[in-house]
Structures are given as structure tokens and as C-alpha cells.
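**Q** Fold the following.
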Amino acid sequence: GFMTKYERKIFDDLKSPHLKYWVPFVWFGNLASKARKEGRIRDSVDLQTLMNEMNKYRSWCSLLFGYDWVGIPLVYTQVVTLAVYTFFFACLIGRQFLDTDQGYQGHDLDIYIPIFTLLQFFFYAGWLKV
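**A** Take a look at the predicted model:
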């Protein structure tokens with residue numbers, strides 16, 4: 001609904017090996033200049049403000065495109081995966097309760113399922129997959 005059928009056809013027929021996010025910005029700039037010449041935009045300051053805002057938005061889109069262009073190296077994901085699983089293996093060993101038969105003070109409750117460690121693992125593993 002943002003483009004006419006004719007504009008969509010022109011947009012689709014444009015051959016580019018990269019994203020074509022910049023095409024509507026060029027169209028907007030041309031239409032704004034045309035509107036200034038026809039008197040629909042009364043002042044050059046208004047046209048300047050429009051173009052400045054459009055350029056800000058275009059630069060944000062190009063920044064986002066740059067983030068998408070450069071992928072995260074595989075070694076980072078491998079290191080984070082190894083760190084998460086090593087952390088939880090250490091938690092399973094380190095968070096076990098002491099033997100209640102030994103009579104340690106303040107350690108008379110023994111829980112067999114580490115609920116909070118499991119919840120922590122599910123959250124971290126979920127974030128890792130994202």
C-alpha cells in the first residue's frame with residue numbers, strides 16, 4: 001500500500017546485487033524537489049528540513065544494512081556456546097547440597113532437583129539460541 005503498482009514494477013525490475021532500501025529515498029528527494037518547484041512547498045527552509053529528516057532516516061537504514069552485512073564470526077558463537085555449557089556444568093556440580101547425614105549446621109534441607117539452576121539454564125540456553 002506504500003507504492004503504486006507502477007512504482008512496484010519499477011522497483012522489482014531494478015537489478016541490484018544488494019538491498020534496494022535507498023530507491024524510495026531517491027524518489028522522495030525527487031518528488032520533494034518537484035513540489036518545491038511547483039510551489040507546493042513554499043520555502044526552501046521547509047524543503048531543507050524535509051531533506052535533512054529524510055537523510056537522517058536514510059543513514060539509520062544504511063547503518064542497519066551495515067550491521068546486517070557483517071555477520072558475527074563463527075568463533076564468537078562457539079566461544080559463547082562453550083562458556084554457557086561449561087558454566088552450567090560447573091553449576092550442576094557446585095550447587096549440590098551437602099550430605100544431610102554428616103550433620104552440617106544450616107544444611108538440613110536437601111532438594112534433589114535444582115529448580116533455579118534448571119530455570120537459569122533454560123533462560124540462558126534460550127537466549128543463546130536467539
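
**Q** Could you list the low-confidence segments of this structure?
**A** Residue ranges of the chain with pLDDT under 70: 97-100, 103, 106-112.

**Q** can you pull out the helices in it?
**A** Along the chain, counting by DSSP state H, helices occupy 5-13, 23-38, 44-69, 74-94, 115-129.

**Q** and the shortest one, what other elements does it pack with?
**A** It refers to helix 5-13. Here helix 5-13 touches helix 23-38, going by 3 or more C-beta pairs under 8 Å, 6 or more residues apart in numbering; DSSP states H and E. Yep, even glycine has a C-beta here, placed from its N, CA and C like the rest.

**Q** and the helix it packs on, what does it pack onto?
**A** In terms of contacts (3+ C-beta pairs under 8 Å, 6+ apart), helix 23-38 is packed against helix 5-13, helix 44-69.

**Q** Return the set of buried residues in the last one.
**A** Read that as helix 44-69. Using 16 or more other C-beta atoms under 10 Å as the test for burial, helix 44-69 gives Leu47, Leu50, Met51, Arg58.

**Q** what's the closest non-adjacent residue to the first one?
**A** Setting aside the residues directly before and after it, Leu47 is nearest to Arg36 in space (C-beta to C-beta, 6 or more residues apart in numbering), at 4.7 Å.

**Q** And for Leu31, the neighbour number?
**A** Using other C-beta atoms under 10 Å, Leu31 has 11 other residues around it.
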